[in-house]
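Undergrad: Here is my input, please return the structure:
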Amino acid sequence: MTAAAETTLARRATRFAPEIILAAGCLCGLITFGPRASAGLFQIPMSQEYGWGREVFSFAIAIQNLLWGVGQPFAGAIADRFGTIRVLILGAILYAGGLALMAVASTPGLMTIGAGVLIGFGLSGCSFNLVLGAFGKLLPEKWRGLSFGLGTAAGSFGQFLFPPFGSLLIDRIGWQQTTMVFAATVLLVIPLSVTLATRGNAAESAAKGPSQSISQALREAFRHPSYVFLVLGFFTCGFQLAFITAHMPAYLKDQNLPAWVGAWTLAVIGLANAVGSLASGWLSGRMPKRWLLSGIYLARSVAVLIFIMLPPSPANALAFGVFIGVLWLSTVPPTSSLVALMFGTRYLAMLYGFAFFSHQLGGFLGVWLGGVLYERTGSYNIVWWISIALGVASAIINLPIREQPVERSAAAA
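TA: Numbering: from 1, shown residues only. As a prediction, the model looks like this:
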């Protein structure tokens with residue numbers, strides 16, 4: 001199929017202009033990523049109110065990361081098969097319900113169900129990952145790299161907006177009421193999802209790739225070494241990001257820094273990541289994506305090493321936020337672009353979903369180990385060093401990736 005024909009079919013798959021689709025998808029990414037990125041703000045007030053150790057909060061957020069990853073391939077497969085809008089609506093309802101339950105969760109079990117199970121599965125259905133899959137189907141190919149960067153940057157901007165706003169609300173109205181405000185905000189995804197509705201036949205016709213079943217697509221992907229390398233490398237991304245998101249405010253508080261430093265460090269990460277994601281999306285079309293990924297992982301390890309070796313101060317924390325923020329979600333555009341390049345866009349949401357499961361498995365371990373090792377050692381130092389080692393390993397594992405479409409027989413193609 002020629003590029004012009006693919007563009008024509010992609011436009012027929014939706015009744016909305018590309019600019020409207022981009023704007024609505026970016027708003028969805030902003031709204032859903034913001035509350036999740038603010039989770040660390042609730043750790044200390046909840047633990048103090050209920051007398052919990054940090055492992056209780058950490059376990060709930062770790063379950064959230066894990067179930068977000070577990071649910072993502074299934075949510076992607078359903079969106080690929082039946083359309084995006086149904087998945088986005090259900091995800092938003094689960095997400096808002098989890099936040100509401102978190103507000104009244106007075107026991108570790110309720111906390112795990114609300115912040116862990118409901119929000120985890122909710123995120124798998126309405127986060128920026130589903131939005132990127134919709135972009136891949138609804139937008140012309142020439143928009144793809146930039147749209148992946150914009151969608152990721154929008155989530156980052158949510159991380160910039162929500163933590164300071166959440167910190168202010170917690171001080172003014174309390175943490176329970178703040179979670180309810182976040183829950184109401186998440187429900188805005190429902191009307192926005194209308195613009196991201198993919199129509200099965202047209203969307204599939206616009207997608208590159210052969211006529212495959214889901215099982216055939218999965219077998220093809222997991223027999224492809226480059227896809228396996230990509231999935232394994234993405235584990236590190238989740239480990240690093242989830243640990244910092246959940247534990248950075250508490251870590252800085254332990255260093256005798258005021259609470260605003262933690263909130264603004266998360267916010268600065270989000271703002272810098274908006275720039276980094278856009279730059280990564282732009283670079284993904286202009287340089288080898290495997291080199292870009294390898295450089296990002298290595299640079300993260302260097303940034304973490306410098307941060308933990310420097311004396312704690314607001315300036316150092318905010319500077320770290322800027323540097324790590326530029327690298328934060330910058331792995332997403334080249335990762336999603338590589339999946340689309342290797343296998344086409346027909347099962348993009350599902351195949352990226354399996355890569356994201358690896359990401360969230362890393363996130364589960366990062367958050368959970370942070371809480372467990374803190375309770376046992378009184379320090380986060382071990383987890384910081386694990387993060388550095390994993391970054392170096394992922395920098396190496398991405399280098400052998402082959403950036404070309406998967407080879408198929410003429411009959412299969």
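
Undergrad: what about the residue lying closest to residue 332 once chain neighbours are set aside, how many neighbours?
TA: The shortest distance from residue 332 to any non-neighbouring residue, by CB to CB, 6 or more residues apart in numbering, is to residue 152 (4.5 Å). Backbone N, C-alpha and C define where each C-beta goes, glycine included. Neighbours of residue 152 under the rule other CB atoms under 10 Å: 31.

Undergrad: you'd agree residue 152 is up against residue 128?
TA: Yes. Applying CB atoms under 8 Å, one finds residue 152 in contact with residue 128, separated by 6.3 Å.

Undergrad: shared neighbours, the two?
TA: 29, 332 (CB atoms under 8 Å, 6 or more residues apart in numbering).

Undergrad: quick revisit: contacts only, for the residue nearest to residue 332.
TA: 29, 128, 132, 273, 277, 280-281, 329-330, 332-333.

Undergrad: and what of residue 64?
TA: Residues near residue 64 by CB under 8 Å, 6+ apart: 36, 39, 115-117, 119-120, 123.

Undergrad: Just list the residues touching the nearest residue to it once chain neighbours are set aside, thanks.
TA: The spatially closest residue to residue 64, leaving aside those adjacent along the chain, is residue 120, at 4.1 Å (CB to CB, 6+ apart). By CB under 8 Å, 6+ apart, the contact set of residue 120 is 63-68, 70-71, 98.

Undergrad: ok, now residue 98?
TA: 113-115, 117-120, 122.

Undergrad: at 10 Å what do you get?
TA: 35, 64, 105, 113-123, 179, 183, 186 (CB atoms under 10 Å, 6 or more residues apart in numbering).

Undergrad: can you pull the pLDDT of residue 341?
TA: The model reports residue 341 with a pLDDT of 85.

Undergrad: next one: residue 5
TA: pLDDT for residue 5: 45.

Undergrad: so where is the stretch 1-150 of the chain shaky, pLDDT-wise?
TA: 1-15, 141, 144-145 (pLDDT under 70).

Undergrad: And the helices in the stretch 51-200 of the chain, which stretches?
TA: 54-82, 84-103, 108-111, 119-126, 128-138, 144-173, 175-186, 189-192, 200-206 (DSSP state H, counting those that start in this stretch).

Undergrad: hmm, I was thinking of the stretch 201-350 of the chain
TA: Taking DSSP H, counting those that start in this stretch, the helices of the stretch 201-350 of the chain run over residues 214-222, 225-254, 259-284, 289-309, 314-326, 332-343, 348-377.

Undergrad: Let's see the fifth one as CSV, backbone CA atoms only.
TA: Coordinates of the C-alpha atoms in helix 314-326 are reproduced here as CSV (Å, rounded to 0.1, in the frame of the first residue of the first chain):
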residue,chain,number,x,y,z
PRO,A,314,16.5,22.1,47.0
ALA,A,315,18.7,23.2,44.1
ASN,A,316,20.2,19.8,43.6
ALA,A,317,16.8,18.1,43.8
LEU,A,318,15.3,20.4,41.2
ALA,A,319,18.3,20.2,38.9
PHE,A,320,18.0,16.4,39.1
GLY,A,321,14.3,16.8,38.2
VAL,A,322,15.2,18.7,35.1
PHE,A,323,17.9,16.2,33.9
ILE,A,324,15.9,13.0,34.7
GLY,A,325,12.8,14.7,33.3
VAL,A,326,14.2,15.2,29.9
